[in-house]
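would you be able to build a 3D model of this:
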Amino acid sequence: MKRIAAFLLLAVLSVAGSLHAQTISPQENARRSQKAAKKQQKMLKKASKKQRKAMKKYAKAQRKAQNKANRRYRK
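Sure thing, here's the model as predicted:
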């Protein structure tokens with residue numbers, strides 16, 4: 001009986017502690033939000049840079065293929 005009571009008390013305290021730890025201040029929430037927004041912007045910028053690079057590579061390949069086709073046609 002004492003074990004069950006001790007276990008229940010421990011469970012209640014751990015749940016209460018976790019609920020208390022989850023509440024954050026508005027300042028902390030704003031800071032986290034700004035940090036997440038900055039991270040999102042950085043990832044977006046990186047992705048767009050990667051896309052631009054891929055587009056340039058594709059365009060270069062297209063130009064090379066066109067030049068190669070033109071050379072064959074001239075002969």
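
longest helix in this protein, please.
helix 26-74 (DSSP state H).

how far out from the middle of the chain is that helix?
16 Å (C-alpha atoms, centre = their mean, to the nearest Å).

and for stretch 66-75?
For stretch 66-75, the separation from the chain centroid amounts to 45 Å (computed by C-alpha atoms, centre = their mean).

enumerate the positions of that stretch that are buried.
Neighbour counts over stretch 66-75 (16 or more other C-beta atoms under 10 Å) mark no residue as buried. Bear in mind the C-beta positions are built from the backbone N, C-alpha and C, glycine included.

and that stretch, average pLDDT?
On average, the pLDDT along stretch 66-75 is 84.

repeat for stretch 34-46
Mean predicted lDDT for stretch 34-46 stands at 97.

flag every buried residue along that stretch.
Neighbour counts over stretch 34-46 (16+ other C-beta under 10 Å) mark no residue as buried.

so what's residue 24 up against?
Residue 24 makes contact with residue 32 under the criterion C-beta atoms under 8 Å, 6 or more residues apart in numbering.

secondary structure class of it, three-state.
coil (DSSP: H, G, I helix; E, B strand; the rest coil).

for residue 52, give its distance to residue 32.
31 Å (C-beta to C-beta, to the nearest Å).

check residue 43 too.
16 Å.

likewise for residue 1?
As defined by C-beta to C-beta, residue 1 lies at a distance of 45 Å from residue 32.

go on, residue 44?
Noted for residue 44: a distance of 19 Å to residue 32, by C-beta to C-beta.

distance of residue 73 relative to residue 67?
11 Å.

and if you look at residue 55?
The gap separating residue 55 from residue 67 is 19 Å, by C-beta to C-beta.

tell me which of residue 1 and residue 32 has more neighbours.
Each of residue 1 and residue 32 had its neighbours counted (other C-beta atoms under 10 Å), and the higher figure belongs to residue 32 (11 against 5).

the more buried one - nearest residue in space that isn't next to it in sequence?
The shortest distance from residue 32 to any non-neighbouring residue, by C-beta to C-beta, 6 or more residues apart in numbering, is to residue 24 (7.7 Å).
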